[in-house]
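A.B. asks: Model the following, please.
(2 chains)
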Amino acid sequence: MFGVIASMVDGLLLGAVYGLAAIGLTLIWGVMNIINLTHGALIALGMFGVYFLTARVGGSPYVALLPVAVLGFVAGLAIYGLSVHRVIARPPLMSLLSTFAVNMVIIGAGTAFWSTSIYNLPFSVPGITWQGFTFTGAHMLAAAVAVVVAGALYLFMRHTRLGKAIRAVANNRQAAELMGIPSGRILAVAFALGVALAAVAGGLIATLFPFTVLSGSGYQLKSFVVTVLGGLGNPAGALVGGLLLGLIEGGVTPFIAVSWTPVIEFVLFVLILIAFPKGLFARGAAR
Amino acid sequence: MSLLRQPMLWLILGAMALFAGLPGFGGDVALREGLFLTAIAIILASNLNLMIGYTGYVNFGNIVFFGLGGYFGVWLTTMHGWPLVPAAIVAAILVSTIALFFGLGILRLRGSYFTLATIGINEAVRALVSNIDAWGGSTGMYLSVSVYQPLGGPRQALWIVYFLVIGIMGASLFLSWFIRRSKFGLGLFAIREDEDAASVLGVHPALYKSVIYSVSGFLPAMAGALFFFKNGVIQPDQAFDLTMSTEAIVMLMLGGQGSVTGAAVGAFLYDQLRSTLLTSSMFSQFQLVIAGILLLLIVLFVPGGLIGWIGERWPRLRRVLE
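C.D. replies: I've put the predicted structure just below:
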């Protein structure tokens, strides 16, 4: 019995990181109705950013998250200008393809430079062992960082002028423009913020598991699942969705083979998408 | 207007004759292998066109038809000793039936929600197939050489499979063309332009969308059965590879979505480009990068693709290149 609970607790810790990864995706969807298919590539870049900063420069990977976030933000601005700005008002196929094109470029370049071999962060955090179960230190720290970042984002969106402007543009771009908000710039900032969050989440995942250039696409799929659980466009829901996904993963692991977890995840994903397209926590009728 | 006076008929027949004849007469195996992949690309792109180009629904997980068809085909030929052609046909019927049920569920979703669901279905099927022990789980199924005996040994079997694939390629192009000229196709175009208006005008969107989703899976499933029969091995990660799905979308964009020739020309050009890049010493590493840049340029500046661009410059050609 205790084993199941321990596994679920570990699942929750991982779930917080999944949630953080999905917040970036859902933020962009909520503000500009675009599914950012560069998400996975940026998660991968975040992983490599933390790897090279700790391996070459030294220091803790958690400190390296800060420059990774800044670089992610800059990359986000560039991607927005290159591929997103011109397709915002066009049919979904166009934005899906333009972001996917950037994804191809990043993954292609990454594969050329770093090949697809496995990288591993050379570092360890002491864990806590209780009743024969070890709670890994890296998992706990990553969850703590994820919750802190998500909390900071919440405060930013609620209480700063820029955050309020982003929410206003998400709510109604034309009305926001009439109130004197430069919506073009706000969209760029929101996109860059979403990308920076993806990079930070990638950096955190690098402290947990070995990774390759191609790892990002798996976490992008997980982010889709999380976003759909929490409701597309709802950052707070994404964190809850992430915790829920982690709980499900942790809860079923002791009972069935690991290879069945993705089956459950994706079947759930499709079913929830069909039954509750606005997410599980949507207020009012999901129509 | 008789069928025989339609330029499109002769274009399709000409393409099939070229594909079959060029390697067929000289017995050029290298050329055959290249054209085999091109033909598969044309099959995937033109059937995807039925969803994206005609109906306006972006199916990002279209490769699930190809992969499932491959699995059913390999399973029937190796485990049950079926001959290749009936196995491929039954595989396609099974896939289309499954697609009809999937379609009834996910086609209630519109826009990006539908796209996400198609990705989810591909991943769910991939994960499920990796767990089916009768299908070899995550290591997949291997075909023994003996399955090629009824076709006259491996060497002859490869030629037979090639000609069958050319046949399916022709069938895909004819299917796209006939649907485009039919009343059913007109209904699909109406859904693409405005689904609510279409339903007011007497088009039944739910029915139309489910049928076209199912139809668009039939020929790719047959192609999958043939492809993996020839391949000799089928594995989940190879059969349900999202990259192949998205490559088919790139082909469609390159040639021009919504057009029969557009899908075919796009697939042909993309495949030529890919093989050129892969074999060049300078660019082989950067094949994805170049394809990505190309896609971005098309999306931003030539959203109608090559055929759309030609149609704009020389409007008379629109009647020929449907």
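A.B. asks: So for the host helix or strand of residue B:307, what gets flagged as buried?
C.D. replies: In this structure, residue B:307 is located in helix B:305-313 according to DSSP states H and E. Burial within helix B:305-313, assessed by neighbour count using 16 or more other C-beta atoms under 10 Å in any protein chain shown, is assigned to B:305-308, B:310-311. From N, CA and C alone the C-beta is placed, and that goes for glycine too.
A.B. asks: Is that helix positioned near chain A?
C.D. replies: No: residues of helix B:305-313 contacting chain A under C-beta under 8 Å from any C-beta of the partner chain: none, with a closest distance of 11.5 Å.
A.B. asks: Which strands and helices lie in contact with that helix?
C.D. replies: helix B:242-255, helix B:260-279 (3 or more C-beta pairs under 8 Å, 6 or more residues apart in numbering or on different chains; DSSP states H and E).
A.B. asks: Among those, which comes closest to residue B:5?
C.D. replies: Taking C-beta to C-beta as the measure, these were each checked against residue B:5, and helix B:260-279 came out nearest at 17.1 Å.
A.B. asks: helices and strands around the closest one, which ones?
C.D. replies: Taking 3+ C-beta pairs under 8 Å, 6+ apart as contact, the helices and strands that helix B:260-279 lies on are helix B:7-26, helix B:29-49, helix B:153-181, helix B:242-255, helix B:287-301, helix B:305-313.
A.B. asks: Outside of stretch A:189-200 itself, list whatever touches it.
C.D. replies: With contact meaning C-beta atoms under 8 Å, 6 or more residues apart in numbering or on different chains, stretch A:189-200 is reached by A:20-21, A:23-25, A:27-28, A:31-32, A:36, A:38-39, A:42-43, A:45-46, A:49, A:65, A:68-77, A:79-80, A:84, A:149, A:153, A:162, A:166, A:169-170.
A.B. asks: How many residues are close by residue 101?
C.D. replies: Chain wasn't specified; assuming chain A. Per other C-beta atoms under 10 Å in any protein chain shown, the neighbour tally for residue A:101 reads 27.
A.B. asks: Please refer instead to chain B.
C.D. replies: Residue B:101 has 11 nearby residues by other C-beta under 10 Å.
A.B. asks: and what of residue A:122?
C.D. replies: Around residue A:122 there are 9 other residues, counting by other C-beta under 10 Å.
A.B. asks: so who does the residue of the stretch 101-250 of chain A found nearest chain B touch?
C.D. replies: Checking the stretch 101-250 of chain A residue by residue against chain B with C-beta to the nearest C-beta singles out residue A:108 as nearest, at 2.8 Å. Contact partners of residue A:108, counting by C-beta under 8 Å, 6+ apart, are B:286-292.
A.B. asks: Phi first, then psi, for residue A:128.
C.D. replies: phi -110, psi 130 (degrees, to the nearest 10).
A.B. asks: Quick check, it in contact with residue A:137.
C.D. replies: Yes: counting by C-beta atoms under 8 Å, a contact exists between residue A:128 and residue A:137, whose distance comes to 7.4 Å.
A.B. asks: Just want to know which of the two has more residues nearby.
C.D. replies: Regarding residue A:128 and residue A:137, a neighbour count based on other C-beta under 10 Å identifies residue A:137 as having more, with 14 against 10.
A.B. asks: In terms of pLDDT, where does the residue lying closest to residue A:128 once chain neighbours are set aside sit?
C.D. replies: Spatially, and ignoring its direct neighbours in sequence, residue A:128 is nearest to residue A:135 (4.9 Å; C-beta to C-beta, 6 or more residues apart in numbering or on different chains). For residue A:135, the pLDDT comes out at 76.
A.B. asks: same check, this time on residue B:299
C.D. replies: For residue B:299, the pLDDT comes out at 89.
A.B. asks: go on, residue A:36?
C.D. replies: According to the model's per-residue confidence, residue A:36 sits at a pLDDT of 92.
A.B. asks: same deal with the one 5 residues further on?
C.D. replies: Here the pLDDT value assigned to residue A:41 is 95.
A.B. asks: and if you look at residue B:61?
C.D. replies: Value listed for residue B:61 in the pLDDT field: 88.
A.B. asks: re the thing from before, check the contacts of residue A:108 against chain A, which are close?
C.D. replies: Checked against chain A using C-beta under 8 Å from any C-beta, these give the following subset in range: B:286-292.
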